[in-house]
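S.K.: Provide a 3D model corresponding to the input given below.
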Amino acid sequence: MQLNKEYTFRTALPGDTMQLVELGLDAYGQFKNALTDDNWQIMQTNLKNENTYITLLQNAKGYVCEHSGKIVGMAFLVPEGNPTTIFEAGWAYIRMVGVAPGYEGQGIAKKLTSMCMDHAVQTNEKVIALHTSEMMDAARHIYEQLGFKRQRELAPIFGKKYWLYLLQL
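M.R.: Just a heads-up that it's a prediction; the model follows:
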């Protein structure tokens, strides 16, 4: 799909925090009905937590897409050296790719993910990882189209199947 000329892509800034919280709730809110009430409450609590975004803004390279002054897309690249239970220390990884309802299917997530990939190349990362779930068909399609390869199934998160994907740079 062709991106609308009215979209602006830029680096995420600390002043974006409240819009990022709102976008997280909107973008991931589409999964509410796919989750149990308990799992949705956990996800929603995480999405509402300003510290989630503040930490990403401090530790990752974030990118946003704006339309008419409103943030409608986001993605973050966490550099290597920040291991988790899922991601190894030597991997950079992509987190919180989200697009506002009504803006899906216009190439925003793909462009934001590509921006993260470009930054990884510029900063000499060797591997980019991400995880995605059975609820996120469109996301899996984008990641596979961009060259990410499914490595293995992870332990369920929010009661759903998740997979680890890697891209060797």
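
S.K.: how about A27, secondary structure?
M.R.: helix (DSSP: H, G, I helix; E, B strand; the rest coil).

S.K.: which ones are touching it?
M.R.: For A27, the contacting residues are M74, G98, V99, A100, P101, by Cβ atoms under 8 Å, 6 or more residues apart in numbering. Glycine gets a C-beta too; all of them are placed from N, C-alpha and C.

S.K.: excluding residues flanking it in the chain, which one is nearest it?
M.R.: Excluding the flanking residues, the one nearest A27 by Cβ to Cβ, 6 or more residues apart in numbering is G98, at 3.2 Å.

S.K.: what helix or strand does the one you found sit in?
M.R.: Assignment of secondary structure by DSSP states H and E places G98 within strand 92-99.

S.K.: so after that strand, what's the next helix or strand?
M.R.: Using DSSP H and E, the helix or strand that follows strand 92-99 in sequence is helix 108-122.

S.K.: strand partners of the helix or strand following that next one, parallel vs antiparallel please.
M.R.: Where DSSP H and E defines the elements, the next helix or strand beyond helix 108-122 is strand 127-133. Strand pairing for strand 127-133, using DSSP bridges, gives strand 92-99 (parallel), strand 160-168 (antiparallel).

S.K.: which among the ones you listed is found nearest to N49?
M.R.: Nearest of the strands paired with strand 127-133 to N49, taken as Cβ to Cβ: strand 92-99 at 12.0 Å.

S.K.: for the record, mean pLDDT for the helix or strand where Q58 lies?
M.R.: Per DSSP H and E, Q58 falls inside helix 50-59. Over the span of helix 50-59, the pLDDT mean works out to 96.

S.K.: report the inter-axis angle for it versus strand 92-99.
M.R.: 130 degrees (axes from the mean of the first three to the mean of the last three Cα atoms, to 10 degrees).

S.K.: name the helix or strand of the chain that has the lowest mean pLDDT.
M.R.: The helix or strand of the chain with the lowest confidence, counting by mean pLDDT, DSSP states H and E, is helix 137-145 at a mean of 94.

S.K.: returning to that earlier point: could you dump the strands paired with strand 127-133 to JSON lines with mean pLDDT?
M.R.: Rendered in JSON lines, the data for the strands paired with strand 127-133 read as follows (pLDDT from 0 to 100):
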{"stretch": "strand 92-99", "mean pLDDT": "98"}
{"stretch": "strand 160-168", "mean pLDDT": "97"}
